[in-house]
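model this:
(one chain, ligands or ions: 1)
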Amino acid sequence: MLLILLLLLPITLLIFLMKQKIFIIKLKRSENEPRLPPGPPRLPIIGNLHQIGSLPHRSLCQLSRRYGSVMHLRFGGVPMIIVSSAEAAKEVLKIRDLECCSRPHLVGSGTLSYNNLDISFSPYGERWREMRKICVLKLFNIKKVKSFRFVREEEISSLIDSLSRSSNNLLQTPANLSEMMFALAASITLRIAFGKTFGKSGLDNDKFEETIHRVQSALGSFAASDFFPYVGWIVDRLTGLHSKLESVFHELDNFYERVIEEHLNRTTQDDQEDIVDLMLRIERDQAEFSEVQFTRDCTKAIIMDIFLAGVDTGAITIIWVMAELVRNPRVMRKAQDEIRSCVKKGKLVSESDIHQLHYLRMVIKETLRLHPAIPLLLPREAMSQFKLFGYDVYPKTLLQVNVWAIGRDPNYWHNPEEFFPERFSDGSIDFKGQHFEFLPFGAGRRTCPGIHMGIAMVELTLANLLCCFDWKLPDGMKETDIDMDEESGLTTHKKFPLKLIPVRYQWPSENQT
Ligand code: HEM
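Numbers count the residues shown, from 1 in each chain. Down below sits the predicted model:
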């Protein structure tokens, strides 16, 4: 027995010492181990993909309630950080903006943007800076936006005419506002960006909505190639995503070719140079771009950006505002009273009237809070290692800011699910990227450059729709029947078209006023 004990003692001692050593090594290792934000448990290979439903902003909002406002997930092989509070959004979009203002290379956006040659999906760098600067000078600044006022007024006036004709129809057929808003936003954007002589777009007017839906759904679809290197492309071919992308790419490419051809064949000399002319000139002279080559694909990528970013977001916003208003007759009435008391009797609302429409502006803000057009903003990619609230973020990590979740967070908003424009009445919160609880246009270096152009169209269209018509629900429908379902994609559309009956407003005659 003693012999056995004598033999066991050194072994036990050795094991004990080894354990101590391992413990010391472990301690050292754990000091260097990355400190990642908390996140839901994941499965081998797919990571957290199975926890994301068809509306990712909603699934991620649910998860962040459990795991926190800075949450770590893994989509296949890609690490991802989801930010769902104003404080964390400020950290990412303002304080750490420079470290994480690149964009990841994703299959869908890469294909449609000629390998990220545009502004929206381009990685951070010289090319992106130059392109953005040119577009801001040529298209996006307030002076430029104001100079295109006549385009908006003309297009909106013909929309009102066409609605008036349908309101005279005794059958009282509902107008498909979704379709009409897409066609309107497309006409305005095409005329402003691609020149007033631009005629046939090559896309049917009534097909704009459908085409844009297909593009945004392809962009918002889960591409296996993004998360599973080497094998993902096989999955994308099997699921049909690859051919879906190729088909929308070719449809859009034909459209850009027509735009370019039209510009190259112009005969009139006195036409003002528009953004496409400018791109073609840069292509020819290679002048403004010092370091990067500017090719035909760069021109097409910019056309894509303006067309997709400009048309979709504005149309979506107008449709959500109208849907919220028919569900909330009190707010509708108040907005209409304001507008009708500000404009000259029987006239259309013009852009010079808009500054008086404080309540309408609150209505638009409230809609953008509940229905931001791009609920997760565009994805960002970290360029260097940094700490986010004490957690490690590594280069190539994907960062998504859930502005939809922040806009519905009871920590910032009283009764967040209620549509209550008056919450903006003190004017202290705007959407220009300084108030991180309200970020419908993003913030920081990657903030939306088209904000003035987008808002100008949304305000003027709504002011006229509400001034010229009262809006009735189709027979047999109640306010509560209006569905508010969302369609998944990069942007969040209303799933089912909004159909309402326009009833032309009769101004009271002189002796009644
Ligand atoms: C109501 C209308 C609009 C809304 C709600 C909207 C919203 C947004 C949002 C949320 C982003 C992403 C910001 C980020 O990732 O931080 C964005 C980016 C962008 N928007 Fe808009 N937008 C609107 C109108 C427009 C218009 C009219 C144009 C141009 C014609 C435009 C062009 C762009 C571009 C080029 C980017 C990419 C910026 C970059 O990555 O540098 N947007 N927009």
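
which ones are touching the most centrally placed residue in the chain?
In the chain, the residue lying closest to the centroid (Cα atoms, centre = their mean) is residue 374, at 2.6 Å. Contacts for residue 374 (Cβ atoms under 8 Å, 6 or more residues apart in numbering) come out as 313, 403, 442, 490-492. (C-beta placed from N, C-alpha, C; glycine too.)

for residue 172, see how far away the closest residue to residue 345 other than its chain neighbours is.
Nearest residue to residue 345, sequence neighbours excluded (Cβ to Cβ, 6 or more residues apart in numbering): residue 507, at 4.9 Å. Noted for residue 507: a distance of 21 Å to residue 172, by Cβ to Cβ, to the nearest Å.

one more: residue 422?
With distances taken as Cβ to Cβ, residue 422 is found 33 Å from residue 172.

also residue 447?
Distance from residue 447 to residue 172, by Cβ to Cβ: 43 Å.

ok so, going back, list the contacts of the residue nearest to residue 345.
Contacts of residue 507 by Cβ under 8 Å, 6+ apart are 340, 345-346.

and it, what pLDDT?
Turning to residue 507, the model gives it a pLDDT of 90.

if you rank the contacts of residue 507 by neighbours, which is first?
residue 340 (16 neighbours; other Cβ atoms under 10 Å).

how near is the closest residue in space to it that isn't next to it in sequence to the ligand?
Using Cβ to Cβ, 6+ apart and skipping the chain neighbours, the partner closest in space to residue 340 is residue 467 (5.9 Å). Noted for residue 467: a distance of 20 Å to the ligand, by Cβ to the nearest ligand atom, to the nearest Å.

how about the secondary structure of residue 467?
Secondary structure, DSSP: H, G, I helix; E, B strand; the rest coil: residue 467 is helix.

which one of the residues in the stretch 51-200 of the chain is closest to the ligand?
residue 120 (3.7 Å; Cβ to the nearest ligand atom).

correct me, but that residue touches residue 106?
No: assessed by Cβ atoms under 8 Å, residue 120 is found out of contact with residue 106, at 11.5 Å.

the ligand contacts on the stretch 251-400 of the chain?
305-306, 309-310, 313-314, 317, 373-374, 377-378 (Cβ under 6 Å from any ligand atom).

same thing but 8 Å
305-306, 309-311, 313-314, 316-317, 368, 372-374, 377-380 (Cβ under 8 Å from any ligand atom).

of the residues you listed, which belong to helices?
Taking DSSP state H as the definition of helices, these contribute 305-306, 309-311, 313-314, 316-317, 368.

am I right that residue 255 falls within a helix?
Yes: per three-state DSSP, residue 255 lies within a helix segment.

just the strands in the stretch 301-450 of the chain please.
380-381, 386-388, 391-393, 398-401 (DSSP state E, counting those that start in this stretch).

need the ones you listed in TSV (columns: mean neighbour count and mean pLDDT).
Output for the strands of the stretch 301-450 of the chain, formatted as TSV (neighbours: other Cβ atoms under 10 Å; pLDDT from 0 to 100):
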stretch	mean neighbour count	mean pLDDT
strand 380-381	24	97
strand 386-388	17	96
strand 391-393	19	96
strand 398-401	24	98
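
the ones you listed: which one's closest to residue 484?
strand 398-401 (22.8 Å; Cβ to Cβ).

what are the contacting residues of the closest one?
60, 75, 78-84, 89, 92-93, 100, 104, 376-377, 379-382, 393, 439, 442.

mind listing what it pairs with, with the direction of each?
Its sheet considered, strand 398-401 pairs with strand 78-83 (parallel), strand 380-381 (antiparallel) by DSSP bridges.

just the C-alphas of that strand, formatted as CSV.
Output of strand 398-401 as CSV, limited to C-alpha atoms (Å, rounded to 0.1, in the frame of the first residue of the first chain):
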residue,chain,number,x,y,z
LEU,A,398,-19.8,43.3,-41.4
LEU,A,399,-21.6,46.1,-39.5
GLN,A,400,-25.4,46.6,-39.7
VAL,A,401,-27.2,49.4,-37.9
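
check the offset of it from the chain's centre.
14 Å (Cα atoms, centre = their mean, to the nearest Å).

lowest-confidence helix or strand of the protein?
The weakest-scoring helix or strand in the chain, judged by mean pLDDT, DSSP states H and E, is helix 2-32 (a mean of 46).

quick check, the helix or strand following that helix touching the ligand?
Next in sequence after helix 2-32, counting helices and strands by DSSP states H and E, comes helix 56-67. No: if you take Cβ under 8 Å from any ligand atom as the test, helix 56-67 misses the ligand, and the best it gets is 12.1 Å.

buried residues in helix 56-67?
Buried residues in helix 56-67, counted by 16 or more other Cβ atoms under 10 Å: 56-58, 60-61, 63-64, 67.

what's that helix packed up against?
Helices and strands touching helix 56-67, by 3 or more Cβ pairs under 8 Å, 6 or more residues apart in numbering; DSSP states H and E, are strand 70-75, strand 78-83, helix 403-407.

could you export the last one as PDB, CA atoms only?
Just to be clear, that refers to helix 403-407. C-alpha atoms of helix 403-407 as PDB (Å, rounded to 0.1, in the frame of the first residue of the first chain):
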ATOM      1  CA  VAL A 403     -32.500  51.900 -37.600                       C
ATOM      2  CA  TRP A 404     -35.900  50.200 -37.800                       C
ATOM      3  CA  ALA A 405     -35.400  48.800 -34.300                       C
ATOM      4  CA  ILE A 406     -34.000  52.100 -32.900                       C
ATOM      5  CA  GLY A 407     -37.000  53.900 -34.300                       C
END
